[in-house]
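1. The following comprises the amino acid sequence and a computationally predicted model.
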Amino acid sequence: MFLLYDTDTKLVNGFKILKIVVEPDDKLSYQLSIDETNTLWVDELTLAGLLDKKAVLPGYVADWLDKAKALDLTLLDAMTKKDLLPLEIENWLLDYGMRHTELFSRAWLDGYEVEK
């Protein structure tokens, strides 16, 4: 476990982020304060839900997501179907410790904004 951030200044819908750590599997965990004495550890997807924000995707990824839905693919097929998956999308999904797969999933399910 590697500590990235250790302060209580960021607020997430009323929660303060106390710590951000990188777990051995390269996933991030966030320690949030619930009140003066209680804390809660959450993963990225849970934190994203607390933020209540849409995923932000690069334009070419957003284009693929829209095309995959138009082709009536499942989410899993949109991320893994080798005969349809563009190489640049495959590379993007695998980049950054595969955290982009979670981002793509959130965008698929909850909508997205295109990166500016």
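-> Noted; the coordinates are in hand. Numbering: from 1, shown residues only.
2. Quick check: the spatially most central residue of the chain vs L109, distance?
-> By C-alpha atoms, centre = their mean, the chain has its centre lying nearest to L103, at 3.5 Å. Distance of L103 to L109, computed by C-beta to C-beta, to the nearest Å: 11 Å. C-beta coordinates here come from the backbone N, C-alpha and C atoms, glycine included.
3. what do you get for L28?
-> 20 Å.
4. Which one of the two is surrounded by more residues?
-> L28 (16 against 10; other C-beta atoms under 10 Å).
5. what residues are up against the more buried one?
-> Taking C-beta atoms under 8 Å, 6 or more residues apart in numbering, we find L28 in contact with 4, 20-22, 43-44, 99.
6. returning to what we had before: what residues are up against the closest residue to the residue nearest to the centre of the chain other than its chain neighbours?
-> Among residues not flanking L103 along the chain, A55 sits closest, at 5.2 Å (C-beta to C-beta, 6 or more residues apart in numbering). Residues in contact with A55 (C-beta under 8 Å, 6+ apart) are 48, 103-104, 106-107, 110-113.
7. Show me those residues that map onto strands.
-> Mapping those onto strands (DSSP state E) picks out 112-113.
8. Considering the contacts of A55, which possesses the most neighbours?
-> F104 (24 neighbours).
9. ok, that residue - contacts?
-> 55, 57, 61, 65, 78-79, 93.
10. what are the ranges of the helices in the chain?
-> For the chain, the helices defined by DSSP state H cover 44-51, 59-70, 75-80, 87-94, 99-110.
11. Show me the shaky parts of this structure.
-> Along the chain, segments meeting pLDDT under 70 span 1-14, 51-53, 96-97.
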